[in-house]
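[1] here is the input, now give the coordinates:
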Amino acid sequence: MTPELTALALAALLQAVQYLLYAVPANLELGPHYTSGTRDAPPPKALSPRTARLGRALQNHFEALILFGIAVMVITLSNQSGPLTAACAYLYLAARILYIPAYAYALNPWRSVIWGVGFISSLVMLGVALF
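    Okay, the predicted model is just below:
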């Protein structure tokens, strides 16, 4: 397996961990009756700011993982894996790991800087594949 595919697999596992980091406090705050229901009605109360931020960080990971996954597949299928793309893949993964506490604890502007590192890593991988 290429380093890029390993980083992608680890990013997917990180997403599962991140889901738990959000779901556990959300269930505690909203109660299992609401969270296991149809959610047709609005929640009975607002989530705490940190839990809400964890939810937004999770949603952001879903969005970022699409671009990263595409970059990894393009690099892998075109046999262009190399030291630069491997470094970018692990830099993306490190940025996503750091993004969780940065968002949860409202570490601004670091949250945006960390997000940018992950985004640029994905773009560099795509650039390597194209040029």
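[2] next one: the residue most central in space within the chain from residue 83, what distance?
    Per C-alpha atoms, centre = their mean, the C-alpha nearest to the average position across the chain is that of residue 61, at 2.5 Å. From residue 61 over to residue 83 the distance is 26 Å, taken as C-beta to C-beta, to the nearest Å. (Glycine included, C-beta is placed from N, CA and C.)
[3] now the element after the host helix or strand of the residue nearest to the centre of the chain, going C-ward?
    Residue 61 belongs to helix 49-77 when assigned by DSSP states H and E. As assigned by DSSP H and E, the chain's next helix or strand after helix 49-77 is helix 83-104.
[4] so which elements touch that following helix?
    helix 3-30, helix 49-77, helix 110-130 (3 or more C-beta pairs under 8 Å, 6 or more residues apart in numbering; DSSP states H and E).
[5] in a markdown table: those, plus mean pLDDT and distance to residue 87.
    Output for those, formatted as a markdown table (pLDDT from 0 to 100; distance: least, C-beta to C-beta, whole Å):
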| stretch | mean pLDDT | distance to residue 87 |
| --- | --- | --- |
| helix 3-30 | 97 | 9 |
| helix 49-77 | 97 | 12 |
| helix 110-130 | 97 | 8 |
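[6] then stretch 117-131 to CSV, C-alphas only?
    The C-alpha trace of stretch 117-131 is given here as CSV (Å, rounded to 0.1, in the frame of the first residue of the first chain):
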residue,chain,number,x,y,z
VAL,A,117,-2.2,23.3,5.7
GLY,A,118,-4.5,20.3,5.0
PHE,A,119,-6.2,22.0,2.1
ILE,A,120,-2.9,23.0,0.4
SER,A,121,-1.5,19.5,1.0
SER,A,122,-4.4,18.1,-1.0
LEU,A,123,-3.9,20.7,-3.8
VAL,A,124,-0.2,20.0,-4.0
MET,A,125,-0.9,16.3,-4.5
LEU,A,126,-3.3,17.1,-7.3
GLY,A,127,-0.7,19.5,-8.8
VAL,A,128,2.0,16.8,-8.7
ALA,A,129,-0.4,14.5,-10.6
LEU,A,130,-1.2,17.0,-13.2
PHE,A,131,2.2,18.5,-13.8
